[in-house]
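J.: give me a model of this one.
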Amino acid sequence: MRAVQVTRFGGPEVLVPAELPDPVPASGEVLIEVTHADTIFLETQLRSGWGLEYFPVEPPYVPGGGVAGTVTALGPEVPRSWLGRRVTALVNGGYASLATAPVTTVTPVPDDLDLLSAAALVHDGVTAAGLMELTAISADDRVLILGASGGMGTLLVQLARAAGASVVALARGVAKLDLVRRLGADTAIDPTNPDWPALARRALGPDGATVVLDGVGGELGAKALPLAADNARFSAHGAPTGGFAALDPRDADARGIKLFGIGDVRFSPADLLRLTAHAFAEAAAVRLEPVIGEVFLLEAAGEAHAAIEGRGLVGKVVLKT
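T.: A predicted model of the protein is given here:
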């Protein structure tokens with residue numbers, strides 16, 4: 001099969017196309033002919049050697065976790081009804097033309113949803129839907145979203161707005177600000193403006209945000225904590241700045257703020273299937289729009305990583321096999 005490997009830790013250039021043996025589905029598994037592979041910022045960080053204490057990998061390895069495609073072969077004990085079905089799955093080594101997965105972890109793709117969109121939702125759709133449940137966002141909430149123009153941020157803007165909440169979104173540059181406004185943000189603010197906390201406070205009102213969704217981390221995430229209202233919910237789940245937001249749990253506890261971290265968005269197998277199916281159903285019904293910035297060929301995975309790290313694109317970067 002065609003694949004891309006991380007040959008050593010380093011920059012995008014360490015992603016090298018390779019020919020590897022075709023995988024064979026074991027008992028209870030299906031073989032997926034991959035049409036699209038999802039990418040997430042974490043994969044660029046792991047490729048560089050960051051975060052190994054959380055996600056241990058050792059080169060050479062095939063990166064990537066989320067794939068979309070068609071089931072072309074079945075292992076023993078798998079019903080024949082799965083053959084030919086369009087599906088997504090979370091796998092080890094998604095940057096490849098073939099992948100195997102236990103049939104119990106595979107999600108069918110609705111007829112009204114294309115595989116490109118499904119691939120764009122396989123990670124971010126699940127996490128966004130899970131965050132909505134975790135933070136229990138409702139029409140009574142004022143929501144501050146950091147990193148609102150990324151793959152997951154664009155979904156969170158839409159989901160929070162659909163729940164009836166007011167949304168203040170942080171995004172860099174005119175194009176990204178325009179995008180998050182189109183997706184439903186009541187206020188869009190550029191965090192490169194040194195006065196952004198004051199602008200956010202004005203938009204959120206004197207009490208601040210009842211929910212903060214921090215997909216950025218670092219100093220930006222830390223500056224968002226004072227913007228949270230007493231008894232707010234604060235999810236610090238992102239670290240594309242190189243680290244999660246350094247939040248003082250004593251300060252949060254004194255104000256009754258409930259803190260969530262990356263561990264809170266690791267879902268059980270049953271929840272993964274349920275949240276994936278929910279995201280697909282919303283997208284198929286055109287109530288949720290996966291924003292795709294660019295599609296790269298599998299062999300150009302290095303270019304895809306460079307584009308992700310360059311932060312010039314809006315929404316998702318997806319690989320096409």
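J.: quick one: low-confidence parts of this structure?
T.: Across the chain, residues meeting the criterion (pLDDT under 70) sit at 239-242.
J.: just the helices in it please.
T.: 41-48, 115-121, 124-135, 151-162, 174-182, 196-204, 218-224, 249-254, 269-284, 301-310 (DSSP state H).
J.: right, and these - which one's nearest residue 75?
T.: Nearest to residue 75, of all the helices of the chain, is helix 269-284, at 17.9 Å by CB to CB. Every C-beta, even on glycine, is put in place using the N, C-alpha and C of the backbone.
J.: give the buried residues for that closest one.
T.: Within helix 269-284, the residues that count as buried by 16 or more other CB atoms under 10 Å are 272, 273, 274, 275, 276, 277, 278, 279, 280, 282, 283, 284.
J.: and this structure, what are its domains?
T.: According to automatic domain parsing, the chain comprises the domains 2-108+291-320, 126-265.
J.: could I get those as TSV with mean neighbour count?
T.: Formatted as TSV, those follow (neighbours: other CB atoms under 10 Å):
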stretch	mean neighbour count
domain 2-108+291-320	19
domain 126-265	20
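J.: could you dump those domains to TSV with distance to residue 119?
T.: Output for the domains of the chain, formatted as TSV (distance: least, CB to CB, whole Å):
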stretch	distance to residue 119
domain 2-108+291-320	4
domain 126-265	11
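J.: out of the ones you listed, flag the one nearest residue 120.
T.: domain 2-108+291-320 (4.5 Å).
J.: now the end-to-end length of the closest one.
T.: Its start and end residues considered, domain 2-108+291-320 measures 12 Å (CA to CA, to the nearest Å).
J.: just stretch 44-56 next, same as before
T.: 14 Å.
J.: and the gap between residue 185 and residue 271?
T.: Relative to residue 271, residue 185 is positioned 27 Å away (CB to CB, to the nearest Å).
J.: and the most centrally placed residue in the chain, how far is that from residue 39?
T.: Most central in the chain under CA atoms, centre = their mean is residue 124, positioned 2.9 Å from the mean C-alpha point. Separation of residue 124 from residue 39 (CB to CB) stands at 10 Å.
J.: ditto for residue 266
T.: Remark: distance between residue 266 and residue 39 (CB to CB) = 19 Å.
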